[in-house]
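> what's the 3D shape of this:
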Amino acid sequence: MNKHINKISNYAMVGGLSAVAVVGLQGCGESTPVQEPVKQEQSVVKEGASVTIEKQADGSYKILDEFPSVKTRIILIEDGVERILSQEEIDKLVKEEEARVEAGTSKLTQNPDEVRESGGMGLAGTLMASMAAGMLGSMLMNKLMNNQNYKQNRRTSYKSPQTYSKSQNSFKKNAAANKSRASSSKKSGFFGNKKKASSRSSSFGG
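As a prediction, this is how the structure comes out:
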């Protein structure tokens, strides 16, 4: 049973398996402590990004807007036409870019000046430069995070410095909110409710 619990924790699997784990352990009389980690895993799994990518006049792609979302969604604007990429399209783009990274031909890892001179970033590279890449290709992201060129190319993949800053701030705030909610859930129960009531009373006094 411990092995099954470890797998659920490591891979943040929710749904049927986590439900089985909770039901299987409720018989031990420790239903509340066991359920709390599962709730936290669900919030992590559901966290994604809504990304709007726009094709530029020179043929390159830029991130027009980006913010945290329950479900990852990629909106593509090409020649004035807006559509949402299917999961199949996203998976194909990620797989293609991962192959380029492995072969050393991805613009993500090239010198930013060379990328600019060669016409800018393509759709797959721009997608992998966005926050959505954290969920779509974790193994690839681990390889890229220590690459200095990637970090610079990632910044320039946004429409403007303001767009990049807005995105970073929104995800930082979202992460802080999730951490706060997780902390609050741990305090729930007989004593947790009393603490919350006390804090509300003091805030009115302040």
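
> use CA for all of it now, contacts and neighbours both
Fine.

> looking at it, residue 85 is touching residue 76, isn't it?
Yes: using Cα atoms under 8 Å, residue 85 makes contact with residue 76 at a distance of 6.8 Å.

> what about the two, which has more around it?
Comparing residue 85 with residue 76 by other Cα atoms under 10 Å, the one with more neighbours is residue 76, at 21 against 13.

> Hmm, residue 89 and that one touching each other?
No: Residue 76 lies out of contact with residue 89 (Cα under 8 Å); the separation is 11.3 Å.

> Just name the shakiest helix or strand of this protein by mean pLDDT.
When the helices and strands of the chain are scored by mean pLDDT, DSSP states H and E, helix 31-46 comes last with a mean of 40.

> And the following helix or strand past it, what does it pack against?
Per DSSP states H and E, the first helix or strand lying C-terminal to helix 31-46 is strand 48-55. Secondary-structure packing of strand 48-55 (3 or more Cα pairs under 8 Å, 6 or more residues apart in numbering; DSSP states H and E): strand 61-69, strand 73-78.

> let's see 10 Å
Secondary-structure packing of strand 48-55 (3 or more Cα pairs under 10 Å, 6 or more residues apart in numbering; DSSP states H and E): strand 61-69, strand 73-78, strand 81-84, helix 123-129, helix 133-136, helix 161-186.

> and those as JSON lines, adding distance to residue 54 and mean pLDDT?
What follows is the helices and strands packed on strand 48-55, written out as JSON lines (distance: least, Cα to Cα, whole Å; pLDDT from 0 to 100):
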{"stretch": "strand 61-69", "distance to residue 54": "5", "mean pLDDT": "94"}
{"stretch": "strand 73-78", "distance to residue 54": "5", "mean pLDDT": "96"}
{"stretch": "strand 81-84", "distance to residue 54": "9", "mean pLDDT": "97"}
{"stretch": "helix 123-129", "distance to residue 54": "9", "mean pLDDT": "94"}
{"stretch": "helix 133-136", "distance to residue 54": "17", "mean pLDDT": "67"}
{"stretch": "helix 161-186", "distance to residue 54": "13", "mean pLDDT": "83"}
